[in-house]
Structure formats: structure tokens, C-alpha cells
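Asks: Sharing a sequence plus its predicted fold:
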Amino acid sequence: MKLFSVLGLAAVFAAGIAGAARADQLADIKARGKLICGTLGTSEPFSFQHPQTREIVGYDVDICKKVADAVGVPLELKTIAVEARIPELLQGRVDILAANLGYTPERAQQIDFSYSYFVSQQKLLTTKETGITTAEGFAGKKITAIKGSSSEQGVRRLIPTAETVTFQDTSSAFLALAQDKVDGFCASELILVKLAKQSKVPMVVIEKSLFVEPWGLGLRKGETAFKTLVNETLAKAAGSGEVDKTFSKWFGPGTAFDIKRDYQIEEIKG
Amino acid sequence: MGYVFDLGSVLSGKYLDWFLIGIATTLALTAVAWCLAMAMGIVLTLVRMIPFPPLGWFVALYVEYHRNVPLLVQIFLWYFGVPSLLPRPARQWINAHHGEFLLAGIALGLAAAAYVAEDIRSGIRSIPKAQYEAARSIGFGYLGAMGYVVLPQALRISVPPLINQTLLLFKNTSLAMAIGVGELTYRTREVDSYTFKTFEAFAVATVVYLVISFGIMALGSWSGTRLKLETR
């Protein structure tokens, strides 16, 4: 008898939890009073710790802030590792991802992508000494990338004969290239340009992009109301020139990159 | 929001291949490091027993370094540090021949050697000194007394702790992931980042590690009974 009442109680609890999980995410965020945004915190200028204020700032962070403003709640940042991004979102520990998240068909099966808010040129970095000048030159060579990144998957897809060696972070991958342990390093152009500049070993970025990758905000599947709001926010910010302002703050004149926005804020077509 | 545990999706096609390659690499790395650890461990023990203090200090320093510096740091040092001290041709040879595997094996083996040396030393100390003295008094030299009388008993006594070290060494191979050795944990994370089936991927790895660990333990208890000395 006692067992039955315990079981009954458990069933009620389970139903309650399931019910809560089924509720609309947008309503949940409003009820909670804050938007939890998953971001990397290690990727300048998208999301990194400001040297003076010690706060996480960057392009990704500003984009997330716009979403939080549109919902009408404060923004809370949660820093996560590259490979933990999608699990953290799926398990509900963050509401949204603004974390250098490139679109891939594999990822799109797991999560929804918002409109693209950045388009990344994925390039290859190599030492001057290898003499490699094209992506084809890497056939049969070793290429490094960050573990769990879309660069890793891109290398496998586009240079199938190359061997990929992945590392936990940018610095290890870079060191492996500098010490000739690998022949190339695939990542976003912005990261590579900065590394090539800082490197003591002469390095070159292969001019032609290996592939172009639109980045979207990561959302849980089936949250239609929240997704619509996020996309409307991005489209509105693009129309009002707010995106341009944010873009030039992090990438424009006066920054190390000095580039112009050459892509549209639009739906990512797989 | 029920979670569907879908083992099939991580145990099919190329993902299964990745797991198998990972298991083979883990076993190979364990074997290489184990051989190095045993050989180096015995050498260290013998060197320590030579009655010339500086050699003893050297071994003590070796043991303390490997026991007190985190293993991951030691692996990074071997992978990123040591090759840059070598001449260029040697470095190129290492890079061309899966240096990460070799260097991880050396780092793991040398670290385990410190523990092995301590375990064997404990075994030797458990053999009454009188036996060694008796062997010397009937004409054995130092090596003969050690080789025929002390070590055969001491190594037997050391078997249980050495099995323990083997288990630790086996599990520690997962740290080689950090320098890009494609062992089981590295492959598991790869499967995870492709399929996003985190739970399933690590469940597979857990079971494999457990099965192999139990295998090593079974081997240990079997050899324990086989090697037992008849006591009179």
C-alpha cells in the first residue's frame, strides 16, 4: 500500500516535470526573469574576457544582448567549451547559444539555427617552410583543428585524404603547427590572421577559403515562438543598422581586423 | 521530455570503426608504456641498491619528480618540450612517425616506472637481509645473489601492487588524448561531437574500460595463484 502511494507520488512528480518541460520556452524565460546565453569566452573578438573589466564581451555577446532586450529580461552569460555547446543547449542548461556556432547539416538535425549573424571564412594556416599554397596541397598531410569544431568536420569532408589531429584549444593546435607536428591548421580566418601575425615561425594563411560557414544562434528544436522572436530581432537589428554598428565595433576600423560586413542577415539554407 | 537511449547510432558504420581503432590504440599504448615501465622500474631498483650514494639520490629524485608532477604536465613536456631539444632530422623523423604515440608512451612509461620501482623495492625489503647475506657467504656475487635468491621472491611479492599499477597505467592512457593520440577517449569524444550522443558514446567507452580493467584484474589473480611459492 505504501509502495503504491510512493509510486503514485513519483508519477505525479514525473508528470509535473514533463509538463514544465513542454511549456513554451519563451514563457519560461520571461517567468524566470533572465536569458541564459551560452558563449565561449575564449574567442576574441566574438566572446572573450575584457582585460580591464574582466567581463565577457564581444560580438557574440552583443548579439545575445539584443535578444535579451527583445524578450525584455536581463542577460546572463554562461561560458562553455566548444564541444559542450550542443549538449548544454539540449540539456536545457542554456537557453540560447552565441558561441561561434557554424551551421552543419549534422548539427541542424539536433538543434535549430537562427538567421545567420556572421559568416566565417574557414581557412588553412601553414608554415612558410611547407611551401603549400593551395588546399589541394594538403592531400595526405596532417591538419589540426579544435576538437569538436566545424573546421575539423570541414577538413574531413573536403580533404578526405588528410589526417586530422585535434586539440583541446587554439594554443595547443598552434604550437603543434609551429613545431612541425602538423602541416596545417584549419580555423576561422580571423583567428588565423591574428596567429600568423603573432607567430615567430613564419606562417601564411592560404588565400582561398576552404569553405564558407554561416554562423547562427543555436536554439532548441520546436520552440517556435522563441525562434520567431530571435529571427525578428536579428532582422530588425539588421534593418536599423544596429548590426552594422556592432560589427564595426568589433571588426571595423580601429580594430586588428578592419573588415566590412559582406554578408546578409538571413535564413541559413542547408 | 523522455531520453531515448540509442546505442545503435554510435555503434555502427564509421563510428564503430573509430571505437575499434581507439581500443587498439589504447591497448598498444598500454603495452608500450608497460614494457618501458617494467624495464625502467627494475633498472631503477637495481641502481638504487648500488652502494654509491649519488646514484641513490638520483633515483630518489626521479621517483619524486614523477610522483609529484601531474601526469598531464609530463605528457605535454614530452610532446612539446623534449623534441625541440633534439636536432632537426630527429625531430622530423619523430613528426613523420606518429611521434605523439611514441612520446605519450615514453611519458606514461617513465612515470609508471617510478611507481614500479617503489613497488619492487618494497618487495625486496620484505625479503630478510639474511638471505642475501647467506647467498653471498656461499659464493654468489651481488648480481647472482639478487638474480637467483632475492629478486625471484621479491618480484612475486610485488605482483599484486604491480597489477594495480598496470590498471592505473591503462586508465592513464586516456590522458594521451590531450596531445592528439587517437586512443579510446579521443575517439569517444570524436564520436560524441559528430553524433551528439554524449551519453551513448561515453557509455560504450565506460563498458570497454571496465571490461579491459576486469581482464587485467583477472590476469592478476590468476598469476597470483600460479606464482605462489610453496611455503614449508
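Replies: Arrived safely.
Asks: The helix or strand bottoming out on mean pLDDT in chain B near chain A at all?
Replies: In chain B, no helix or strand scores lower on mean pLDDT, DSSP states H and E than helix B:88-96, which sits at a mean of 86. Yes - applying C-beta under 8 Å from any C-beta of the partner chain, one finds helix B:88-96 touching chain A at B:91-92, B:95. The C-beta positions use only the backbone N, C-alpha and C, and glycine is treated the same way.
Asks: Go through those and name the one nearest B:Ile120.
Replies: Proximity of the residues of helix B:88-96 next to chain A to B:Ile120 (C-beta to C-beta) peaks at B:Arg91, which lies at 34.4 Å.
Asks: Can you get me a residue count around the closest one?
Replies: When neighbours are counted by other C-beta atoms under 10 Å in any protein chain shown, B:Arg91 registers 18.
Asks: swap in B:His97?
Replies: 9.
Asks: Read off the pLDDT value for B:Gly2.
Replies: We note a pLDDT of 60 for B:Gly2 in this prediction.
Asks: For the least confident helix or strand of chain B, which outside residues touch it?
Replies: The contact list for helix B:88-96 (C-beta atoms under 8 Å, 6 or more residues apart in numbering or on different chains) reads A:179-181, B:83-84, B:86, B:102-103.
Asks: Could you list the contact residues of chain A toward chain B?
Replies: For chain A, the contact set with chain B under C-beta under 8 Å from any C-beta comprises A:18, A:21-22, A:83, A:86-87, A:90, A:106-107, A:110, A:144, A:147-148, A:152-153, A:165-168, A:172, A:175-176, A:179-181.
Asks: Recalculate using a threshold of 7 Å.
Replies: By the rule C-beta under 7 Å from any C-beta of the partner chain, the part of chain A lying against chain B is A:18, A:21, A:83, A:86-87, A:106, A:110, A:147-148, A:165-168, A:175, A:179-181.
Asks: In strands, which of those residues fall?
Replies: Taking DSSP state E, the ones among the residues of chain A next to chain B that sit in strands are A:165-167.
Asks: Excluding sequence neighbours, find me the nearest residue to B:Val82.
Replies: Using C-beta to C-beta, 6 or more residues apart in numbering or on different chains and skipping the chain neighbours, the partner closest in space to B:Val82 is B:Leu103 (7.1 Å).
Asks: Just the buried residues of the helix or strand harbouring that neighbour, please?
Replies: Assigned by DSSP states H and E, B:Leu103 belongs to helix B:99-125. Within helix B:99-125, the residues that count as buried by 16 or more other C-beta atoms under 10 Å in any protein chain shown are B:99-121, B:123-124.
Asks: quick one: buried residues of the helix or strand that contains A:Lys65?
Replies: Following DSSP H and E, one finds A:Lys65 within helix A:59-71. By neighbour count on 16+ other C-beta under 10 Å, the buried set for helix A:59-71 is A:59-68, A:70-71.
Asks: do the same with stretch A:72-91
Replies: Quick answer for stretch A:72-91 (16+ other C-beta under 10 Å): A:73, A:75, A:77-78, A:80-90.
Asks: In helices, which of these fall?
Replies: For these, the ones inside helices are A:85-90, with DSSP state H as the criterion.
Asks: right, and out of these, which lies closest to B:Pro160?
Replies: Using C-beta to C-beta, A:Pro87 is the member of these that sits closest to B:Pro160, with 39.9 Å.
Asks: Name the nearest residue to the closest one, sequence neighbours excluded.
Replies: Closest residue to A:Pro87 apart from its sequence neighbours, by C-beta to C-beta, 6+ apart: B:Thr198 at 5.1 Å.
Asks: elements contacting the longest helix belonging to chain B?
Replies: In chain B, assigned by DSSP H, the helix with the most residues is helix B:13-49. In terms of contacts (3 or more C-beta pairs under 7 Å, 6 or more residues apart in numbering or on different chains; DSSP states H and E), helix B:13-49 is packed against helix B:53-68, helix B:99-125, helix B:151-172, helix B:184-195.
Asks: Which among those is found nearest to A:Glu44?
Replies: A:Glu44 lies closest to helix B:184-195 among these, at 22.9 Å (C-beta to C-beta).
Asks: Check the offset of that closest one from the chain's centre.
Replies: For helix B:184-195, the separation from the chain centroid amounts to 23 Å (computed by C-alpha atoms, centre = their mean, to the nearest Å).
Asks: packing partners for the next helix or strand after it?
Replies: Later in the chain than helix B:184-195, the nearest helix or strand by DSSP H and E is helix B:198-227. Judged by 3+ C-beta pairs under 7 Å, 6+ apart, the packing partners of helix B:198-227 are helix B:151-172, helix B:184-195.
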